[in-house]
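> with the input below, show me the fold.
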Amino acid sequence: MAAQWNSTGNDWLDSGDNAWQMTAATVVGLQSVPGLIVFYAGVSKKKWAVNSSFMVFYAFAAVTLAWVCWAYELSFGEQWAPFLGKPGAVNTLTILGQLSQAIIPSANIIPAFPMSTMIYFQSVFAAISVILVAGAYLGRMNFAAWIMFVPLWLTFSYSVSCYSIWGGGWLFQMGVLDYAGGYVIHLGAGVAAYVGAWMIGPRLKQDREDFEPNNIPLMMVGIGMLWLGWNGFNGGASFSAGADASVAVLNTNVTTATSMLTWMILDMVYFKKPSIIGACQGVITGLVIITPAAGLVAGWGAIAMGAISGSIPWITMNIVAKTKLLSHIDDTLGVVHTHAVAGFLGGLCAGIFATVEGCEAFSLTTPGGAIVGNGRQVLIQFISALFVIALNLVVTPLILLFISFFVPLRMNEPDLIIGDAACHGEDAYAFYHDGAKEIDLARTASAGSLLNLNASYEQLAALKPLATETVVV
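You can find the predicted model right below:
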C-alpha cells in the first residue's frame, strides 16, 4: 500500500526532482533563517540588533502558518478571480492533499513531486518577500504593528501578485516572464517597503545620522548565505533537476559577481575608496536583477544584466535618493533601490534578453525577447510591473492605515532612544558597562519617567547600571 506514495509505486514521482526541490526550498529558507537574521543584525546599529533579528524570525514563522492555512490556495489554487485563487486548505492541511502530485491548476503546471514539496517551496519564497519589506522599517516600527502587518500583506498583496503572475492569473495568461520572482517578490516588496517607510515616518535624527553597522563580519555571513542560497532560489524555480536549473544557477552567480564588481568600481571612482557595504549592495542588486530571467538568458545576457544592476541602482541610491525631494523618506536599508529598482530592471531585461531556447527549456511558448524579434514582450513586462507597483501603492498604505486604528505604527520616543532593551528586554551584546546598563535602565525606568526627564541619548548612555542586577545574555 505504501508503495503508491513512493517512486516505485507510481509513475509521476521523480525522486531526483523531489530531492532537488526540497533541497532548494531548504536553502532558500536558510537565506531568511539565519541569513537575513544575521545580515539585519550586523548591518543595524547595535541597539537594534535584537529587534531587527526578531522581525525576521517572527515573519518566517507567521508566514509559514498563514501559508498552509489560507495563503497558498489564494496564490496557487483554482481561479477565484483573474488575480486570486480560491481560499481553502484542502491541499495544505489534509494528508491526501499533501501526498498527492503537485499541480498549479490555473497554470496547468504539474511537476513530478508531491504537493507538500510545492507548498513548502513556495512558503519560503513568500516568507522572504515579507522579510525584505522589514529592511525599510528597521529602527522604529512598533513590533505589535509588525505582527499584524505580516499576515495582512501576505494575504492582500503578495498572494494577489503571486496568483496573477505565477498561479495562472491574468498576467500569466498574457505571457509575462518572471522566472523566480523579480516582480512577485522583489518589485512588490520594494514598493511596499518604500511606501511603508513614508507612512511610519523616519528614525530618530541621531539614528539616521549614525547608523553604522555594528558587526560587519556578521553582516558578511548573512550576505554570503544570501548569495549562495540564491542557487536554490533561482535553481529551484524550474521545478526539476534539469539543465534549465543548471543554467539558472550559473547565470545567477555570473550576474551577481559582475554586479558586485561594477558597484565596487563606481564606489572607488565616486567616493575614492572601495566599500564592503557597497559591495554587499551590489551583490543584492545582482541577485535581484537576474531572478526574473535566470534560466532564460545566455551567459552574455547575464553579464550585461550584472553591469546594469551594479550601476543604475547605485545611481538611484547614492545620488537620486539624496535629493531634497526623496531624502525625507527613510528607507533604512535602501530596499527600494536594491529590490524595487533592480527587480523592475530585471523584468524589463527578461523581456529584452530572453532566448528562444531558454523559454523552451522552461516549458514556455513565449518566443524569446526583443533580441530575437519579440519586442512585444517588453510591453508585457512593463504592464506587469505597473500592476505590481500600483497594487502596493494602494494595498500597503491601506493595511498600515487599518493597523494604526489598533496600535501605533512606530515605537514611542523613549523606546526609540533605548532600542532593544526597551522593546524586548534583551541586548545583542550584553557585556558589562555595555549591554547590561541599557537593560537595567529599560527595566527600571517607565516611558513616562523618561519623558519627564527629557534626557538626551548621550545622557541616558552615561547613566550607571544598578549595582543589584547585571544581565548577561
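
> residues contacting the residue nearest to Ser246 when sequence neighbours are not counted?
If you skip the residues right next to it in sequence, Ser246 has Gly235 as its closest partner in space, 7.6 Å away by C-beta to C-beta, 6 or more residues apart in numbering. Where you see a C-beta, it was placed from the backbone N, CA and C, and this is true even at glycine. With contact taken as C-beta atoms under 8 Å, 6 or more residues apart in numbering, Gly235 is in contact with 20, 24, 245-246, 248-249, 252, 294.

> go through those residues and say which is closest to Arg376.
Set against Arg376, the nearest of the contacts of Gly235 by C-beta to C-beta is Ala294 (21.8 Å).

> thinking again about what came up before, please tell me how far the residue nearest to Ser246 sits from Ala193.
Gly235 sits at a distance of 26 Å from Ala193 (criterion: C-beta to C-beta, to the nearest Å).

> again with Leu132
In this structure, Leu132 and Ala193 are 7 Å apart, going by C-beta to C-beta.

> and for Trp230?
Relative to Ala193, Trp230 is positioned 19 Å away (criterion: C-beta to C-beta).

> now swap in Gly310 and tell me
Taking C-beta to C-beta as the criterion, Gly310 is separated from Ala193 by 21 Å.

> between those two, which one's more packed in?
More neighbours surround Gly310 than the other of Gly310 and Ala193, with 30 against 27 (other C-beta atoms under 10 Å).

> that one against Thr256, yeah?
No: taking C-beta atoms under 8 Å as the definition, Gly310 is not a contact partner of Thr256, at 9.5 Å.

> wait, doesn't Ser157 sit right on Thr396?
Yes: counting by C-beta under 8 Å, Ser157 touches Thr396, with 6.4 Å between them.

> shared neighbours, these two?
Ala192.

> now Ser44, nearest residue through space, not along the chain?
Closest residue to Ser44 apart from its sequence neighbours, by C-beta to C-beta, 6+ apart: Ser52 at 4.6 Å.

> typed the wrong thing, it's Thr366
Cys359 (4.7 Å).

> pLDDT wise, what is Tyr194 at?
According to the model's per-residue confidence, Tyr194 sits at a pLDDT of 96.

> to what extent is it buried, counted in neighbours?
When neighbours are defined as other C-beta under 10 Å, Tyr194 has 23 of them.

> confirm it sits in a helix?
Yes: under DSSP: H, G, I helix; E, B strand; the rest coil, Tyr194 falls within a helix.

> give me the nearest residue to it, chain neighbours excluded.
Val336 (4.0 Å).

> phi, psi of the one you found?
Backbone geometry at Val336, expressed as degrees, to the nearest 10, gives phi -60, psi -30.

> ok, it to Val221 distance?
Between Val336 and Val221 the distance, using C-beta to C-beta, works out to 25 Å.

> report the separation between Trp300 and Ala127.
According to C-beta to C-beta, Trp300 stands 34 Å off from Ala127.

> give me the more crowded residue out of these two.
Looking at Trp300 and Ala127 with other C-beta under 10 Å, you find the greater number of neighbours at Ala127, namely 28 against 10.

> kindly export the helix or strand harbouring the more buried one (C-alpha atoms) in PDB.
Mapping Ala127 onto the secondary structure by DSSP states H and E places it in helix 115-137. Output of helix 115-137 as PDB, limited to C-alpha atoms (Å, rounded to 0.1, in the frame of the first residue of the first chain):
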ATOM      1  CA  MET A 115       2.100  18.800  -3.300                       C
ATOM      2  CA  SER A 116       3.700  19.000   0.100                       C
ATOM      3  CA  THR A 117       7.000  19.800  -1.600                       C
ATOM      4  CA  MET A 118       5.400  22.500  -3.700                       C
ATOM      5  CA  ILE A 119       3.700  24.100  -0.700                       C
ATOM      6  CA  TYR A 120       6.900  24.200   1.300                       C
ATOM      7  CA  PHE A 121       9.000  25.500  -1.600                       C
ATOM      8  CA  GLN A 122       6.600  28.400  -2.200                       C
ATOM      9  CA  SER A 123       6.200  29.100   1.500                       C
ATOM     10  CA  VAL A 124       9.900  30.100   1.800                       C
ATOM     11  CA  PHE A 125       9.500  32.400  -1.100                       C
ATOM     12  CA  ALA A 126       6.500  34.100   0.500                       C
ATOM     13  CA  ALA A 127       8.400  34.400   3.800                       C
ATOM     14  CA  ILE A 128      11.500  36.100   2.400                       C
ATOM     15  CA  SER A 129       9.200  38.600   0.500                       C
ATOM     16  CA  VAL A 130       7.700  39.900   3.700                       C
ATOM     17  CA  ILE A 131      11.100  39.900   5.400                       C
ATOM     18  CA  LEU A 132      12.600  42.100   2.700                       C
ATOM     19  CA  VAL A 133       9.900  44.700   3.400                       C
ATOM     20  CA  ALA A 134      11.200  44.800   7.000                       C
ATOM     21  CA  GLY A 135      14.500  46.100   5.800                       C
ATOM     22  CA  ALA A 136      13.000  49.500   5.200                       C
ATOM     23  CA  TYR A 137      11.200  49.700   8.600                       C
END
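
> I am finished for the moment; much appreciated.
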